[in-house]
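In: could you look at this predicted model? Sequence included:
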Amino acid sequence: MGPRLRIGRGREQCPWSRLCTPCAMTGVTVCSLSYLPMAASPTHSSASYFLRFLDYFCVLFAVLTTTPQYPLVEAWVLVASIAAFTAAWFVWRAWPCRASSVCTAALSLVVLAVSNSPVVVLALWLGFVALARTLGDRSARAFAPLPVAVTVVAQLVLHSPPWHVLTEFAAMVVVAASGVALGRTVTASFDAEARLRRSLRDSRELALSKERERIAAGLHNGLGHLLTSIGLSIDFASRVVEAEPARAKEELRVARERTTEALDAMRKTVRAVSPPLVDAPFGATVEGLAARFDRTGLTVKVTGARDAGWDAGWDEERTTLALVFVQEALTNIVRHSGATRVHISVAPGGVSVEDDGTGNASEASFGISSLRRRASQVGARLITEPHGGIAGGFRISLDFEGERR
């Protein structure tokens with residue numbers, strides 16, 4: 001493979017090259033794989049980790065190509081071209097621009113021209129990736145005929161037999177086509193992740209917008225009406241205070257009671273929207289949530305919290321989801337159910353919340369729908385039972401065992 005532009009003749013294999021090549025391949029490949037995570041982290045995408053793998057791919061190419069049978073008088077040509085190409089690749093990785101991508105692709109052609117090793121295809125593939133990622137698929141396809149042309153011209157200059165020229169031509173066509181496909185795959189991976197990130201950002205913004213609307217509606221329908229009623233009572237009392245002082249006094253008493261109701265409504269809203277803490281043990285946090293909602297008029301009973309949750313081995317993602325689930329369930333009970341009693345049950349397999357309210361057969365609220373999506377992402381299930389709770393009240397469960405079924 002490769003054009004085999006020989007500067008000299010009579011090459012003899014170095015005695016250590018048979019050992020060096022497999023050792024280099026094994027060592028560099030193991031190092032490469034050791035740096036590949038199983039999944040993308042919050043700061044690095046899976047596509048960027050694939051490019052990091054290609055960094056080691058580039059080092060592997062450099063090691064393997066400098067170990068074939070080149071006598072010392074010719075080695076500097078190969079070493080210089082490989083060093084230039086490797087430097088160009090890492091420059092492109094640091095500053096992916098038009099100049100660095102074109103330079104990487106051009107130097108891959110130089111390596112093709114001076115190398116006598118089939119490993120040179122690795123350099124060509126890296127050149128295709130640099131072009132496709134920076135300049136697009138059209139640039140990679142425009143570059144594809146060049147390595148084919150270099151190979152054919154080199155074989156003709158070397159007066160190779162026709163069958164050998166045809167073989168090298170066919171092989172290089174396959175290499176070029178696979179290089180275009182590799183570049184297209186890397187670019188598509190980055191594009192797909194960019195679309196996913198935009199979609200997630202839009203989903204978060206939509207969730208925040210709907211949550212703001214829900215809070216605003218709750219304040220308007222509850223606190224807003226109470227404040228309006230208080231204002232009307234005070235206005236009425238001020239008008240009749242001289243003619244009917246007893247009636248004015250009664251109206252002020254009603255206004256005072258409504259002021260207390262407004263303060264309670266405000267406290268309920270603040271408690272409902274404040275996020276749960278995840279830096280404490282799960283059981284203690286759930287019991288703290290229950291105590292906060294006790295002050296809204298609910299009698300909240302918690303069972304199993306001290307022996308489950310965080311202490312039972314849930315990871316942080318599941319623990320956070322369980323806390324948000326409990327808070328959302330309690331918030332909905334306060335706002336919609338008319339319940340007086342709530343039972344929170346925690347087990348290693350999940351969490352359930354049930355009340356003694358009127359039950360609910362209507363469509364799930366936005367908060368519950370959002371929790372259902374989050375649960376599916378960690379392999380859990382959200383189960384609602386409109387009349388499965390206390391005395392026919394509502395019951396909702398977060399089932400972490402769902403992924404095993």
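Out: Nice, I can see it.
In: phi, psi of R381?
Out: Backbone geometry at R381, expressed as degrees, to the nearest 10, gives phi -130, psi 150.
In: now do it against A188, distance only.
Out: R381 sits 33 Å away from A188, going by Cβ to Cβ, to the nearest Å. (Each C-beta comes from the backbone N, C-alpha and C, glycine too.)
In: which one of those two is surrounded by more residues?
Out: Higher neighbour count among R381 and A188: R381, with 16 against 13, using other Cβ atoms under 10 Å.
In: wasn't I383 part of a strand?
Out: Yes. Judged by DSSP: H, G, I helix; E, B strand; the rest coil, I383 forms part of a strand.
In: got a list of what it touches?
Out: Shown in contact with I383 (Cβ atoms under 8 Å, 6 or more residues apart in numbering): 396-397, 399.
In: same question for V165.
Out: Shown in contact with V165 (Cβ under 8 Å, 6+ apart): 152, 155-156.
In: and the least confident of those residues?
Out: Among the contacts of V165, Q155 carries the weakest pLDDT, at 83.
In: list the contacts of the closest residue to A177 other than its chain neighbours.
Out: Distances taken as Cβ to Cβ, 6 or more residues apart in numbering place A144 nearest to A177, at 7.2 Å, with adjacent residues excluded. Each residue near A144 by Cβ under 8 Å, 6+ apart is listed here: 128, 176-177, 179-180.
In: which parts of the stretch 151-300 of the chain are helices?
Out: Under the criterion DSSP state H, counting those that start in this stretch, the stretch 151-300 of the chain carries helices at the ranges 162-218, 225-240, 245-273, 282-294.
In: out of those helices, deepest packed?
Out: With neighbours taken as mean count of other Cβ atoms under 10 Å, the helices of the stretch 151-300 of the chain reach their highest mean count in helix 282-294, at a mean of 19.
In: what's the average pLDDT for that helix?
Out: On average, helix 282-294 scores 78.
In: packing partners for it?
Out: Packing contacts for helix 282-294, counted by 3 or more Cβ pairs under 8 Å, 6 or more residues apart in numbering; DSSP states H and E, involve strand 299-303, helix 316-332, strand 341-347.
In: for S370, find the nearest of those.
Out: helix 316-332 (8.4 Å; Cβ to Cβ).
In: any buried residues in the closest one, and which?
Out: Neighbour-count burial for helix 316-332 flags 318-332 (criterion: 16 or more other Cβ atoms under 10 Å).
In: can I get that helix in PDB, CA atoms only?
Out: Only the C-alpha atoms of helix 316-332 are listed here, as PDB (Å, rounded to 0.1, in the frame of the first residue of the first chain):
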ATOM      1  CA  GLU A 316     -26.800  11.100  43.100                       C
ATOM      2  CA  GLU A 317     -29.000  11.300  40.000                       C
ATOM      3  CA  ARG A 318     -31.600   8.900  41.400                       C
ATOM      4  CA  THR A 319     -31.500  10.600  44.800                       C
ATOM      5  CA  THR A 320     -32.100  14.000  43.300                       C
ATOM      6  CA  LEU A 321     -34.900  12.700  41.200                       C
ATOM      7  CA  ALA A 322     -36.600  11.000  44.300                       C
ATOM      8  CA  LEU A 323     -36.400  14.300  46.300                       C
ATOM      9  CA  VAL A 324     -37.900  16.300  43.400                       C
ATOM     10  CA  PHE A 325     -40.600  13.600  43.100                       C
ATOM     11  CA  VAL A 326     -41.500  13.900  46.800                       C
ATOM     12  CA  GLN A 327     -41.600  17.700  46.600                       C
ATOM     13  CA  GLU A 328     -43.700  17.800  43.500                       C
ATOM     14  CA  ALA A 329     -46.100  15.200  44.900                       C
ATOM     15  CA  LEU A 330     -46.500  17.200  48.100                       C
ATOM     16  CA  THR A 331     -46.900  20.500  46.200                       C
ATOM     17  CA  ASN A 332     -49.700  19.000  44.100                       C
END
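In: show me where pLDDT drops low in the stretch 201-350 of the chain?
Out: 207, 211, 218, 221, 268, 270-280, 295-296, 305-313 (pLDDT under 70).
In: give me that answer again for 90
Out: Scanning the stretch 201-350 of the chain with the threshold set as pLDDT under 90 gives 201-340, 345-350.
In: I'm done for today, thanks for sticking with me.
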